[in-house]
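Engineer: the following comprises the amino acid sequence and a computationally predicted model.
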Amino acid sequence: MSANDPNCIFCKIVTGQIPSKKVYEDEELFVFHDIQPWAPVHFLIVPKQHIPSLAQLTSEHERLMGRMMVLAPRLAAEQGCNPYPEGGFRVVCNTGVEGGQEVHHLHVHVMGGPRPWLRG
Ligand code: AMP
Ligand code: ZN
């Protein structure tokens, strides 16, 4: 598994070849607004490394996935999601075609903000 797949749209976003509205970046993770938001707040957390989906994860990725989950509530609050429990947010990780995955670079959707939402 290469760190970067030249045909992958999210690898191109991570490297800046395709523009995005960046929310957050560190050495391992990149976060940007979804181009077709379902909710008032909708951003995607991706590893910089090209991992196709949850299906490819091994024990080596436990720390990385833990970091993504711990980052989600922090960025959700920063982006305007209301506090738990009245507010909150939804975390979705579509996996494989039958799981609804369209972009095959692992990503976690974080959606929130006041109802109603466009979808979900
Ligand atoms: P999924 O169905 O889980 O693979 O979702 C892929 C998500 O990526 C969709 O919600 C798209 O709107 C989003 N998306 C696709 N291309 C871009 C892009 N260039 N910038 C931001 N989000 C994108
Ligand atoms: Zn990729």
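Structural biologist: Good, I have the coordinates. Ligands and ions are numbered 1, 2, ... in the order given.

Engineer: residues near residue 113, how many?
Structural biologist: 18 (other Cβ atoms under 10 Å). Glycine gets a C-beta too; all of them are placed from N, C-alpha and C.

Engineer: now do the contacts for the nearest residue to it once chain neighbours are set aside.
Structural biologist: Leaving aside its chain neighbours, residue 113 sits nearest to residue 40 (2.9 Å; criterion: Cβ to Cβ, 6 or more residues apart in numbering). By Cβ atoms under 8 Å, 6 or more residues apart in numbering, the residues touching residue 40 are 80, 112, 113, 114, 117.

Engineer: ok, now residue 72?
Structural biologist: Counted by Cβ under 8 Å, 6+ apart, residue 72 has contacts 45, 89, 91, 108, 110.

Engineer: and these, which two are the farthest apart?
Structural biologist: 45 and 89 (11.8 Å; Cβ to Cβ).

Engineer: now do the shared contacts for these two.
Structural biologist: Joint contacts of residue 45 and residue 89 (Cβ under 8 Å, 6+ apart) are 72, 110.

Engineer: could I get the contacts of residue 40 as JSON lines with distance to ligand 1, pLDDT and secondary structure?
Structural biologist: As requested, the contacts of residue 40 are exported to JSON lines (distance: Cβ to the nearest ligand atom, whole Å; pLDDT from 0 to 100; DSSP: H, G, I helix; E, B strand; the rest coil):
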{"residue": "80", "distance to ligand 1": "18", "pLDDT": "97", "secondary structure": "coil"}
{"residue": "112", "distance to ligand 1": "15", "pLDDT": "98", "secondary structure": "strand"}
{"residue": "113", "distance to ligand 1": "16", "pLDDT": "98", "secondary structure": "coil"}
{"residue": "114", "distance to ligand 1": "20", "pLDDT": "97", "secondary structure": "coil"}
{"residue": "117", "distance to ligand 1": "13", "pLDDT": "97", "secondary structure": "coil"}
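
Engineer: so which of these wins on neighbours?
Structural biologist: In the contacts of residue 40, the most neighbours by other Cβ under 10 Å go to residue 112, 24 neighbours.

Engineer: I'd assumed residue 41 was in contact with that residue.
Structural biologist: Yes - at 4.6 Å, residue 112 counts as touching residue 41 under the criterion of Cβ atoms under 8 Å.
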